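**Q** this is a predicted model, with the sequence first.
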Amino acid sequence: MSAPDATPAAAPEAGAPLVVAEHLMKTFRLGHGEQLQALDDVSLTIRRGETFGLVGESGSGKSTVSRALLGLLPLDSGSVRFDGQEVTRLGRGEMRRLRRRMQMVFQDPFAALNRRQSVAQIVAAPLEAHGVGDRATRAARVAELLDLVGLGPAYRDRRPREMSGGQCQRVAIARALALDPDFVVLDESVSALDVSIQAQILNLLRDLQRRLGLTYLFISHDLAVIRYMAQTVCVMQHGRIVEQGSRDELFGDPRQEYTRGLMAAIPSADPATERHRRRSAALAEGVGA
Amino acid sequence: MASVSAIGLRRRGRTLGRRRPVVTKVALGVLGTIVLACLLASAVAPYDPTRLAPTERFLSPSGSHPFGTDELGRDLFSRVLYGGRYSLGIAFGATLVAMLAGAVWGFAAAFGRGLVDELLMRFADVTMAIPQMLFALVFVAAFGATGPGLAIIIGALLTPVTARMVRSAVLGELQADYFTAAVAYGASTPRLMLRELLPNISAPLGVQAAINAANALILEAALSFVGLGIQPPDASWGTLLQQGYQKMYQSTTYVIFPALAIFVTIWMLNLLADQLGGTDDLRGRTG
């Protein structure tokens, strides 16, 4: 359990692949003989210490990818390696041990927390589940974690219902960090929050990444947020990866029609540009239809 | 609150299952009084429930006999109190059996998915399709009609319905993010069930328990009424009801009091179930 201020970035070879997914395939049966190809030959490599942005409209398969990487979803075929270990072939016990190193923060901060538990119970739950420490050391760790995400000790006994969305999301982040993971999936983790709170949480996440040497998979439908957070960006549509590259490459020179469309949809803060953007977007839509 | 549609929908709070703490308190108060009075029957009852008084047959309610007397001059009030021990005890035991067995069954089905789920639920369907009285008849013939025996038999009859309810409640929670989060941080299956899911389905479980208790009471009364339940000289409310029914032409009040005891208890249990079902917890999810 490292102290929050330990110098991290120099952790084992930053830049080495941490999560490698190859040729992931997943089809959901919808009933009535209908099928949904949720993942269609998805391959990606997430490197240590980076934020890997995954962008696409809803239903494009972003969340399916994240669940596949975390071993929460049985795949039809393909392989996922986490730090060299083949996730898809691990036994239950091994998988449970591996889960200490990979965590997740969800979109809806209220749904992601057990509303029957207090903040202290929620944050301590992963520690208990893995039998880390005793009561006293767990309590100390909870205090440390709450401090890390900017919540004072006064929040220990609150219930999710008694907090705002932003506060709940901080609790969810504290829980995700409890086991000192290497890899955290942030699945639309700021999409449900107000814009000002979004900025706070994004900055918190960047700060935590710097201090703890975390690797993020950052999923969003919002390109502006992706541009702010990610170094590598991957664009998904209909379960396929349509474009992948460094942030600067992708935002500077999007090669795919779909990516350009997504970029054109980013609202601008300048009213004149925004008016122009909307008009051309409407025109393009008219042509498309 | 402000929108027109919301007002329209709330025209009648009750149809939306709005929670009214007063009703909960009244229901709990009445139930508590009945349960306490029956538990403390030896102290509360004015007479020995088996004391015969051939000269005091079929008395109407009066100060000395609040519910009147029966065909052997026994005090009906005392007999209802002592009968409540059987009726409520059996209802409680049956509810306990149904909730425990139903929870295990329902959790197994929800976690088993696929074939296990299919087998367990089809088995529940089959048992639910057979009339309960028929089942009870066979069981009573096999095991006899003692208090604990009846509790287990009635509990078994209520188990499939409970299992079905538990399964659907658990399946709903399995989709929730907090559950996925717990799987993702590596919680073990027992931990997932007991620490994460169970507290979150406690509201529907509470409702089901109240409904089960009411049904158990009816089933016991029905069994006793057809002579398969508690046997004289001991008497549950069902037994008393049956005896009162046979003597309806000699004493009109005889049949009323055991019936009233059953009616009020079930009414209060149903009120309680209604109120529990109307809590925010339950409405938040079921809409």
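**A** Thanks, I have the structure now.

**Q** am I right that residue A:74 sits in a strand?
**A** No: assessed with DSSP: H, G, I helix; E, B strand; the rest coil, residue A:74 is coil; it does not lie in a strand.

**Q** is residue B:216 in contact with residue B:154, as I believe?
**A** Yes: assessed by Cβ atoms under 8 Å, residue B:216 is found in contact with residue B:154 at 5.0 Å. All C-beta atoms are positioned from the backbone trio N, CA, C, and that covers glycine.

**Q** list residues touching both of the two?
**A** By Cβ atoms under 8 Å, 6 or more residues apart in numbering or on different chains, residue B:216 and residue B:154 have these common neighbours: B:90-91, B:94.

**Q** that older thread, the more surrounded of residue B:216 and residue B:154?
**A** residue B:154 (31 against 28; other Cβ atoms under 10 Å in any protein chain shown).

**Q** what does the stretch 51-200 of chain A put close to chain B?
**A** Within reach of chain B by Cβ under 8 Å from any Cβ of the partner chain, the stretch 51-200 of chain A has these residues: A:67, A:70, A:72, A:95-97, A:99-100, A:102-104, A:106-108, A:111-117, A:125-126, A:128-130, A:172, A:175-176, A:178-179.

**Q** show the buried residues in those residues.
**A** A:67, A:70, A:72, A:95-96, A:99-100, A:102-104, A:106-108, A:111-117, A:125-126, A:128-130, A:172, A:175-176, A:178-179 (16 or more other Cβ atoms under 10 Å in any protein chain shown).

**Q** in the stretch 51-200 of chain B, which residue sits nearest chain A?
**A** Going by Cβ to the nearest Cβ, chain A is nearest to residue B:186 of the stretch 51-200 of chain B, at 3.5 Å.

**Q** for residue A:170, which non-adjacent residue is spatially closest?
**A** Leaving aside its chain neighbours, residue A:170 sits nearest to residue A:149 (4.2 Å; criterion: Cβ to Cβ, 6 or more residues apart in numbering or on different chains).

**Q** contacts only, for the one you found.
**A** A:170-171, A:173-174, A:177, A:204, A:208.

**Q** per-residue pLDDT, residue B:28?
**A** We have a pLDDT of 92 for residue B:28.

**Q** actually residue A:288, not the one I wrote
**A** For residue A:288, the model assigns a pLDDT of 46.

**Q** what segments of chain B are helices?
**A** B:4-9, B:21-39, B:41-44, B:76-112, B:114-129, B:132-143, B:147-174, B:177-184, B:189-191, B:198-200, B:202-225, B:237-246, B:252-277, B:280-286 (DSSP state H).

**Q** and the residue of chain A that's closest to chain B?
**A** Nearest residue of chain A to chain B, counting by Cβ to the nearest Cβ: residue A:99, 3.5 Å away.

**Q** ok, the nearest residue to that residue once chain neighbours are set aside to residue A:48 distance?
**A** Excluding its sequence neighbours, the residue lying closest to residue A:99 (Cβ to Cβ, 6+ apart) is residue B:186, at 3.5 Å. Distance of residue B:186 to residue A:48, given as Cβ to Cβ, to the nearest Å: 21 Å.

**Q** cool, and residue A:152?
**A** Counting by Cβ to Cβ - residue A:152 and residue A:48 are separated by 32 Å.

**Q** which residues sit against stretch B:69-77?
**A** Counting by Cβ under 8 Å, 6+ apart, B:45-47, B:49-59, B:65-68, B:79, B:240, B:243-244, B:247, B:250-251, B:253-254, B:257 sit against stretch B:69-77.

**Q** give me the buried subset of those residues.
**A** Here, 16+ other Cβ under 10 Å leaves B:45, B:47, B:49, B:56-59, B:65, B:67-68, B:79, B:240, B:243-244, B:251, B:254, B:257 buried among the contacts of stretch B:69-77.

**Q** show me where chain A has helices.
**A** A:62-69, A:92-98, A:119-129, A:135-148, A:165-177, A:195-212, A:223-229, A:247-252, A:257-264, A:271-288.

**Q** quick one: which of those helices has the weakest pLDDT on average?
**A** For those, where the average pLDDT is lowest is helix A:271-288, sitting at a mean of 69.
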